[in-house]
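Peer 1: quick one, structure for this:
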Amino acid sequence: MKSVFSGRNLASGAAIAFLVVLSFRLAIAQQSAPDTQVQKVPRFADYEVREFFRGTPAQINPRSHHWASEFHTVLADGARKGPNFARYFTVVYWGCGTSCQAFAIIDARSGDVLVPTGPNGGVLLASVGLNFRKDSSLLILDPIEKLEKEHPQSGLRIRGSLFYVWKDKRLRHIFTLFPSHTSRARDLTRRI
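Peer 2: As a prediction, this is how the structure comes out:
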């Protein structure tokens, strides 16, 4: 008896899975259109901040967000280290599964825990990490240099690097940069 999972069927199943993931990622990219039209890849220096927090960071405010109590230990440990993003904010991130990092932004002055959301209201999650700096309000979700190291068949390279600017206690999406495709990715799509 011939297995359904042999040879040609398995290859076509992989191709269909690839197309489903591709369609899903493209739908997400279209859904999260940038707030403003940025023409070139943003740099940290383009969103420089000059004033910095001086003093002892406030303790986590447990009433600011339900994550403040659910993830209290990791958030409190991160907050104690002090600001690392956009003047007086602390970005804290932790693993939430395979290719998943959750993160929150803590105001060092008040201890408020701010959890960034996307255009559909869902919590923003990273797949391969974040880039941010204390002297800039720019935050990059899934940096391009990390995405391009991922295996083309992982599906992660379909997602772009999302560039956000922190303003009025929220992240505003300003730019998306997609990874270059390798010959392996082109070979896979040719087989489909």
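Peer 1: how much space separates Gln101 from Ala126?
Peer 2: Distance check for Gln101 against Ala126: by CB to CB, to the nearest Å, it reads 4 Å. C-beta: built from backbone N, CA, C; applies to glycine.
Peer 1: shared neighbours, those two?
Peer 2: Taking CB atoms under 8 Å, 6 or more residues apart in numbering as the contact rule, Gln101 and Ala126 both touch Tyr93.
Peer 1: more neighbours: which of those two?
Peer 2: Each of Gln101 and Ala126 has its neighbours counted (other CB atoms under 10 Å); Ala126 has more, 21 against 17.
Peer 1: the more buried one: what's it in contact with?
Peer 2: 93, 100-101, 103, 141-142.
Peer 1: which of the residues you listed ranks first by neighbour count?
Peer 2: Per-residue neighbour counts (other CB under 10 Å) across the contacts of Ala126 peak at Leu141, which has 26 neighbours.
Peer 1: give me the nearest residue to it, chain neighbours excluded.
Peer 2: If the residues on either side of it in the chain are set aside, Leu141 comes closest to Leu162, at 4.3 Å by CB to CB, 6 or more residues apart in numbering.
Peer 1: and that neighbour, how far from Asp135?
Peer 2: Here Leu162 is placed at a distance of 21 Å from Asp135 (CB to CB).
Peer 1: the helices in this structure, which residues?
Peer 2: Listed in chain order, the helices found in the chain under DSSP state H are 7-31, 67-70, 72-80, 144-147, 183-191.
Peer 1: neighbours around Leu124, how many?
Peer 2: Using other CB under 10 Å as the criterion, Leu124 is surrounded by 19 other residues.
Peer 1: that one contacts Thr117, doesn't it?
Peer 2: Yes. Contact status for Leu124 versus Thr117: in contact at 6.3 Å, counting by CB atoms under 8 Å.
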